[in-house]
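>>> Here is a sequence together with a model predicted from it:
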Amino acid sequence: MYKIIYSEKVKDDLTKIKDFIILDNPIYALKTINSIIKTINLLENFPYIWKELWDNLRELVENNYKYKIVYKIYINTITIISIYKYQKNWK
């Protein structure tokens, strides 16, 4: 089982996501953050299932709200590097 470490940037990302959504819907903000964290927790047991970008840098998609989570695998830890909103069309 891998230990998950959140970078300072990711802690900031999660706060910004929550703060942005909470203005419109506090319940939806909580559900979104909980879903992201639940998805990240899957990495404890299954870190190699998701797409490798390069050199053990990988990404997974939180399916409910479409956030991408970028992480790096080390010997027995996983560092969450970035979280951002995934959109097919950015126009």
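All right, it came through fine.
>>> Spell out the residue ranges of the strands in this structure.
In the chain, the strands defined using DSSP state E lie at 3-6, 51-54, 57-62, 67-73, 77-85.
>>> could these be laid out in JSON lines, adding mean pLDDT?
Formatted as JSON lines, these follow (pLDDT from 0 to 100):
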{"stretch": "strand 3-6", "mean pLDDT": "97"}
{"stretch": "strand 51-54", "mean pLDDT": "88"}
{"stretch": "strand 57-62", "mean pLDDT": "93"}
{"stretch": "strand 67-73", "mean pLDDT": "95"}
{"stretch": "strand 77-85", "mean pLDDT": "94"}
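>>> highest average neighbour count across these?
Stretch with highest mean neighbour count among those: strand 67-73 (a mean of 20; mean count of other Cβ atoms under 10 Å). Yep, even glycine has a C-beta here, placed from its N, CA and C like the rest.
>>> what angle separates that one from strand 57-62?
Relative orientation of strand 67-73 and strand 57-62, computed by axes from the mean of the first three to the mean of the last three Cα atoms, to 10 degrees: 150 degrees.
>>> mind listing what strand 67-73 pairs with, with the direction of each?
Next to strand 67-73 in the sheet, as set by DSSP bridges, lie strand 57-62 (antiparallel), strand 77-85 (antiparallel).
>>> Now tabulate these in CSV and tack on distance to Tyr71.
CSV is the format used below for the strands paired with strand 67-73 (distance: least, Cβ to Cβ, whole Å):
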stretch, distance to Tyr71
strand 57-62, 6
strand 77-85, 5
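>>> Enumerate every residue touching Ala29.
Contacts for Ala29 (Cβ atoms under 8 Å, 6 or more residues apart in numbering) come out as Ile17, Lys18, Ile21, Ile22.
>>> Mind checking which of these are buried?
Buried members of the contacts of Ala29, counted by 16 or more other Cβ atoms under 10 Å: Ile17, Ile21.
>>> Nearest to Leu42, out of the contacts of Ala29: which one, please.
For the contacts of Ala29, the closest approach to Leu42 (Cβ to Cβ) belongs to Ile17, at 18.5 Å.
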